[in-house]
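Asks: Got a sequence here, can you build the structure:
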Amino acid sequence: MARSVFAGDGRTERVTSDLRLTYLGHATVLIELDGVRIVTDPLLVDRLGPLRRAGPTPDPAAIGDVDAILISHGHPDHFHRASLRALHGHPLVVVPGGLGARAARQGRRVQEVTADDSVQVGAVRVTAVPARHGRWPLHPDVRPLGFVIEGSTSVYFAGDTAIHPGMARLAGRATVALLPVGRWGPPRGPDRLTPSTAVEAAGLVGATTVVPIHWGTLHLPGFAGGRWGWGSFAAGDAFAAEAAARAPGLDVRVLRPGESTEIRT
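Replies: Numbering: from 1, shown residues only. Now for the predicted structure:
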């Protein structure tokens with residue numbers, strides 16, 4: 001099921017049982033698990049350089065206080081400093097090694113991690129895991145990461161990554177997977193998943209439920225229709241179709257930006 005996370009008066013509720021996921025667009029997801037509220041790769045603006053956002057621009061006040069922010073890598077559509085500052089509460093910002101000093105300039109508590117490092121956030125444990133993706137030239141020392149969030153259930157946030165053999169190490173630790181399936185530009189660029197390889201990745205990590213992310217949000221003016229094949233605005237539904245054909249037992253939750261889903265734990 002999918003529904004808006006926000007009540008009509010703009011309030012949000014702190015979830016104390018089950019898992020609620022709200023897709024806020026691109027790689028930004030609000031994860032509410034065991035009373036802990038985590039935001040991934042926050043991008044809370046209506047434009048980024050030449051890119052424009054389709055759909056609602058997330059309102060930090062409506063999101064409410066968060067306990068942690070996870071940053072997967074240094075690309076500006078994932079490590080967006082103004083969005084880090086805009087989120088409410090006193091969250092711990094968990095970043096890849098080499099990004100700590102830059103993140104700390106935003107006035108937040110920061111924890112640098114490398115693959116296999118863990119951080120406790122309330123009732124859940126967050127563990128960094130490897131990812132395969134290009135590095136931002138301004139941050140060449142920052143290795144991309146994914147994260148596994150473990151509590152009464154487990155969530156794998158892949159960040160931005162291509163398929164790689166190390167994903168098989170997550171089998172049994174990733175009940176729910178947030179997998180990037182789209183892109184906003186031409187095929188050339190850093191390694192990343194496609195709707196097809198995302199189905200393979202779901203199998204490698206052993207996920208039973210997948211929410212496709214990194215689609216339906218950013219576009220270059222004049223290219224909003226996804227003219228580049230598996231472009232952003234077709235990618236979520238393309239992933240669902242691939243999964244239905246190749247992994248019919250997989251529970252796929254396709255969310256548009258601003259929609260939520262709840263998963264019983």
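
Asks: all helices of this protein, in order?
Replies: Applying DSSP state H to the chain gives helices spanning 60-63, 81-86, 100-104, 195-205, 232-246.

Asks: Tell me which of these is the most buried.
Replies: Looking across those with neighbours counted as mean count of other Cβ atoms under 10 Å, the highest average goes to helix 195-205: a mean of 22. For the C-beta atoms, the positions are set from N, CA and C on the backbone; glycine is no exception.

Asks: just to revisit the earlier point, could the helices of the chain be laid out in TSV, adding mean pLDDT and distance to residue 256?
Replies: Formatted as TSV, these follow (pLDDT from 0 to 100; distance: least, Cβ to Cβ, whole Å):
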stretch	mean pLDDT	distance to residue 256
helix 60-63	97	16
helix 81-86	95	20
helix 100-104	90	29
helix 195-205	95	16
helix 232-246	92	8
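
Asks: Those into CSV, with extra columns for distance to residue 153?
Replies: Shown next, in CSV, are these (distance: least, Cβ to Cβ, whole Å):
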stretch, distance to residue 153
helix 60-63, 22
helix 81-86, 27
helix 100-104, 28
helix 195-205, 14
helix 232-246, 20
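
Asks: Outside of stretch 101-116 itself, list whatever touches it.
Replies: Contacts to stretch 101-116, defined as Cβ atoms under 8 Å, 6 or more residues apart in numbering, come from residues 69, 71, 79, 81, 84-85, 90-100, 119, 127-130, 139, 143, 145.

Asks: Separate out the buried members of those.
Replies: For those, a neighbour count by 16 or more other Cβ atoms under 10 Å gives the buried set as 69, 71, 79, 84, 91-96, 98-100, 119, 127-130, 139, 143, 145.

Asks: So which of these sit within strands?
Replies: Per DSSP state E, strands hold the following members of the buried ones among the contacts of stretch 101-116: 69, 92-96, 119, 127-130, 145.

Asks: of the residues you listed, closest to residue 197?
Replies: Closest approach between those and residue 197, by Cβ to Cβ: residue 130, at 16.1 Å.

Asks: I appreciate the help and will end here.
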